[in-house]
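[1] return a 3D structure for these sequence lines:
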Amino acid sequence: MADVRDILELERSPTPEVSKEVILGLRKDAPKRKKEKEVMRRPEGMHRELYALLYSDSNKDLPPLLPTDSAGQGYKSVKAKLGMKRVRPWKWMPFTNPARKDGAVFYHWRRTCDEGKEYPFAMFNKKVELLSYSDAEYSEHLLCEGWTRAETDILFELCHRFDLRWPIIHDRWPSHLTARSIEDLKERYYNVTNCLKKVNNLTGPEGKIVNYDGDHERRRKQQLLRLWDRTPKQIEEEQQLINELRKIEARKKEREKKTQDLQKLISADTDSRKMTKTTKKKIQQTKVAKLDTAPPSLESCTGIKFPDIKSSGVSLRSQRMKLPASVGQKKVKAIEQLLTELNLENSPMAVEEVCQLFNDLRSDLVLMYGLRTILLNYVFELQTLKHQCESVMPDKVLEIPEALTINTGEESPSRPRAISEMIDAVATPNTPNRKRKAALEQSNVLKKIKART
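    This is a model prediction of the structure:
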């Protein structure tokens with residue numbers, strides 16, 4: 001009643017001071033009773049964690065199911081805190097809504113401190129800014145077959161009046177004009193606005209082009225109508241087809257799993273057979289001891305086969321310039337030395353043409369490296385045969401052509417070094433392996449013995 005008297009500005013009797021004792025009906029002089037705390041002991045045999053789950057405080061209250069913000073209160077509601085101040089006064093005052101253009105005056109209850117402020121719900125009044133066109137713009141840019149100037153003017157007037165609420169615009173479309181669907185009205189409106197934005201060169205949010213597809217909207221609504229008009233029998237039939245499809249997919253996955261397991265067994269069997277064959281071959285090869293290995297053939301000399309990177313996702317073009325692991329360390333060092341001799345970078349910029357040409361160059365270098373090693377092997381064997389022939393027939397001297405004396409220590413100082421001679425950066429042909437070096441020394445010893453005799 002005191003609040004009602006304050007609102008109606010009526011006199012009221014002086015209210016006594018509000019206190020906790022007055023609200024609860026207690027006397028100030030009454031002695032306070034001390035609450036005796038009941039200590040609940042944990043039963044014997046019960047774990048401490050289980051007992052903590054049963055009671056959270058001395059009042060034997062169960063723990064709350066949801067987390068609460070009230071500390072120490074559990075799920076209990078916090079007591080109301082009553083204030084001692086007077087309520088704020090209210091006043092019956094007039095107001096106007098800025099959203100209305102007729103200047104209507106209304107009245108409502110409002111706090112006196114808010115008197116003179118704007119109506120708070122006016123902020124929700126949103127108006128759509130529509131574009132307008134002139135006669136010249138319409139005749140030059142906005143002519144459309146099936147739409148007249150009067151229908152276009154009525155459409156824009158309804159759009160401005162109802163703020164692009166298309167169901168209302170479609171409902172208010174005049175009946176004496178050509179019957180139009182919502183898709184037709186929207187398609188005509190957005191085509192006109194997009195054309196005006198392009199003509200006026202509007203930028204920013206105002207110049208954003210709206211791509212409206214009327215045909216797609218018509219097909220979408222037709223599909224929804226067909227879906228809505230299904231009979232219970234059709235729905236049941238569709239559900240049966242879906243269940244059959246799921247069963248077929250499950251059987252297909254099961255068959256694929258069985259075939260994969262069978263392929264794993266077959267591959268494991270073939271691998272075991274291959275391992276047994278390779279072990280037998282190795283045993284046979286170890287029994288037959290060879291004094292010297294045959295020189296590499298021309299068929300074994302190939303360039304570098306760079307792998308084609310066809311992984312999904314984004315990859316760097318420089319990955320294609322990486323040397324594969326099959327290239328040996330000697331060949332890598334030989335390639336690096338030749339690139340430094342030619343003043344080329346070891347890792348150039350990964351342009352499309354540079355990648356292909358750089359890979360081709362290194363492949364040719366590796367091919368030349370292999371051919372050079374084959375040539376040096378044959379030259380070395382030719383030298384050994386020459387010494388053996390001289391040891392057997394000391395009267396005859398075999399002459400080796402000058403073209404076959406490359407990198408054998410017999411070259412003239414005036415002749416410049418060829419590119420193939422620069423490639424050998426690690427293993428020079430002047431340092432043959434141990435077996436061939438021993439054979440050469442043996443032939444020299446035989447030659448000296450026969451010369452003495």
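[2] only C-alpha atoms from now on, for both contacts and neighbour counts.
    Noted.
[3] where does the prediction get shaky in the stretch 201-350 of the chain?
    The stretch 201-350 of the chain contains residues with pLDDT under 70 at 277, 280-303, 305, 307-313.
[4] what are the ranges of the strands in the stretch 51-200 of the chain?
    Remark: strands assigned in the stretch 51-200 of the chain by DSSP state E, counting those that start in this stretch are 90-96, 105-111.
[5] looking at the ones you listed, which is buried most?
    Of all the strands of the stretch 51-200 of the chain, strand 90-96 carries the top mean neighbour count, a mean of 15, counting by mean count of other Cα atoms under 10 Å.
[6] tell me the mean pLDDT for that strand?
    Per-residue pLDDT over strand 90-96 has a mean of 93.
[7] what's the closest non-adjacent residue to L158?
    Using Cα to Cα, 6 or more residues apart in numbering and skipping the chain neighbours, the partner closest in space to L158 is I169 (6.0 Å).
[8] wait, the one you found sits on H160?
    No: using Cα atoms under 8 Å, I169 is not in contact with H160, being 9.9 Å away.
[9] quick one: which of these two has more around it?
    I169 (22 against 17; other Cα atoms under 10 Å).
[10] check contacts around that one.
    Residues near I169 by Cα atoms under 8 Å, 6 or more residues apart in numbering: L158, C159, F162.
[11] and T152, how many neighbours?
    Going by other Cα under 10 Å, the residues that sit close to T152 add up to 19.
[12] same question for R42.
    Residues lying near R42 (other Cα under 10 Å) number 12.
[13] cool, K186 as well?
    For K186, the tally of surrounding residues (other Cα under 10 Å) stands at 20.
[14] same check, this time on the one 5 residues further on
    Other residues near N191 come to 16 when the count uses other Cα under 10 Å.
[15] likewise T193?
    Neighbourhood size, T193 [other Cα under 10 Å]: 20.
[16] for the closest residue to it other than its chain neighbours, grab the count of nearby residues.
    Spatial nearest neighbour of T193, chain neighbours left out: L131 (6.8 Å); criterion: Cα to Cα, 6+ apart. L131 has 13 neighbouring residues, counting by other Cα under 10 Å.
[17] let me know whether L131 touches V192 as I believe.
    No: counting by Cα under 8 Å, L131 sits too far from V192 to count as a contact (9.2 Å).
[18] any idea how far apart the tips of stretch 156-171 sit?
    End-to-end distance of stretch 156-171 (Cα to Cα, to the nearest Å): 15 Å.
[19] in that stretch, which residues are buried?
    Buried residues in stretch 156-171, counted by 16 or more other Cα atoms under 10 Å: F156, L158, C159, H160, F162, D163, L164, W166, I169, H170.
[20] and if you look at stretch 136-146?
    L142.
[21] what residues does that stretch touch?
    For stretch 136-146, the surrounding residues in contact (Cα under 8 Å, 6+ apart) are V192, C195.
[22] again, 10 Å this time
    133-135, 149, 152, 178, 188, 191-193, 195-196, 199 (Cα atoms under 10 Å, 6 or more residues apart in numbering).
[23] farthest-separated two in those residues?
    Spanning the widest gap among the contacts of stretch 136-146 are T178 and V199, at 28.4 Å by Cα to Cα.
[24] send me stretch 331-350 as CSV with only the CA atoms.
    In CSV, the C-alpha atoms belonging to stretch 331-350 read as follows (Å, rounded to 0.1, in the frame of the first residue of the first chain):
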residue,chain,number,x,y,z
LYS,A,331,77.2,-38.3,-57.6
VAL,A,332,75.7,-35.6,-55.4
LYS,A,333,79.2,-34.1,-54.7
ALA,A,334,80.2,-34.4,-58.4
ILE,A,335,77.0,-32.5,-59.4
GLU,A,336,77.7,-29.8,-56.8
GLN,A,337,81.3,-29.4,-58.0
LEU,A,338,80.3,-29.1,-61.7
LEU,A,339,77.6,-26.5,-60.8
THR,A,340,80.2,-24.4,-59.0
GLU,A,341,82.5,-24.7,-62.0
LEU,A,342,79.7,-23.4,-64.2
ASN,A,343,78.8,-20.6,-61.8
LEU,A,344,75.3,-22.0,-61.1
GLU,A,345,73.5,-22.2,-57.9
ASN,A,346,72.8,-25.5,-56.2
SER,A,347,69.2,-24.4,-55.4
PRO,A,348,67.9,-21.8,-57.8
MET,A,349,64.6,-20.1,-57.7
ALA,A,350,61.8,-22.7,-58.2
